[in-house]
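*Asks:* Next input, structure requested:
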Amino acid sequence: MFSKKIKAKTELAFNKIPAYCKYELFMERYRSASTFIKMAHVNIDKLNLLDVGSGNGYLKYFCDFGNIEWHGIEIWEERYKDCERLGYKMHRCDIDSEKLPFNNETFDVVVASHVIEHLRNRDFALQEMYRVLKNGGMLIVGTPIKPIVISNILNIIYSFKVIN
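*Replies:* Numbering: from 1, shown residues only. Sure, this is the predicted structure:
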C-alpha cells in the first residue's frame, strides 16, 4: 500500500496567503489581477468590485489598498461563507443560467478568475458581467493557460527570489 505524504503550507505566497512556496502559480492570478485593480482605483474614492466565482476570497488578500466595496458570487457554500467572513457582500447566482442580481452599470471592476472555463453558457455570463460593469469600468477575466511543467519550472525559479 502506498500513502501520499501531506505537505504543510509553510510559506506565504507573495507574503500574503499560506502556501507551499513563496511563488505559487495558483496565487499569481490574484497578484496580477490586483495590479490592474490598483490602476482602476487611482481616480476613484470608493471602488465597487464584483468577484464572480469568488472562491475563498483570496483576491481580497492581494488588494489591501484603498477603499473597496467587495461583492461576490459563489455557488459553493463553504467558499461563500469564507468570503462573508472576509467582508464580502455575497450574492447567490448561477452565472451559467441566471442574470446577475445587480442593476446595469453597478461595478467599477468585475473579476472572473478561472471561472469561464467551467461554464456552458459563456456568452451569457460575459454579457451579464459586461451589463453590470460601469461605462469605462474594467473587466478582468483569467483562464488557466500554463501546463504543469511550466508551473514546476516557475516554482523552482521563484524559490530563489524574494517576492514582495
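*Asks:* what's the longest strand in this structure?
*Replies:* strand 133-142 (DSSP state E).
*Asks:* Go through the longest helix anywhere in the chain and flag the buried ones.
*Replies:* For the chain, the helix that runs over the most residues, judged by DSSP state H, is helix 25-41. The neighbour-count check on helix 25-41 (16 or more other C-beta atoms under 10 Å) flags 25, 27-31, 33-34, 37, 40-41 as buried. Every C-beta, even on glycine, is put in place using the N, C-alpha and C of the backbone.
*Asks:* before we move on, what about stretch 98-114?
*Replies:* Neighbour count says stretch 98-114 has 100, 102, 106-113 buried, by 16+ other C-beta under 10 Å.
*Asks:* and of these, the nearest to residue 58?
*Replies:* residue 113 (8.8 Å; C-beta to C-beta).
*Asks:* Low-confidence stretches in the protein?
*Replies:* Low-confidence segments of the chain (pLDDT under 70): 1-6, 20-25, 145-152, 154-155, 158-159, 161-164.
*Asks:* could you pull out the strands for it?
*Replies:* Taking DSSP E as the criterion, the chain carries its strands at 11-13, 17-19, 47-52, 68-73, 89-91, 107-113, 133-142.
*Asks:* okay if I get the ones you listed as JSON lines plus distance to residue 160?
*Replies:* Compiled in JSON lines, the strands of the chain are given as follows (distance: least, C-beta to C-beta, whole Å):
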{"stretch": "strand 11-13", "distance to residue 160": "13"}
{"stretch": "strand 17-19", "distance to residue 160": "16"}
{"stretch": "strand 47-52", "distance to residue 160": "32"}
{"stretch": "strand 68-73", "distance to residue 160": "33"}
{"stretch": "strand 89-91", "distance to residue 160": "39"}
{"stretch": "strand 107-113", "distance to residue 160": "27"}
{"stretch": "strand 133-142", "distance to residue 160": "26"}
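*Asks:* what's the closest of those strands to residue 157?
*Replies:* strand 11-13 (14.6 Å).
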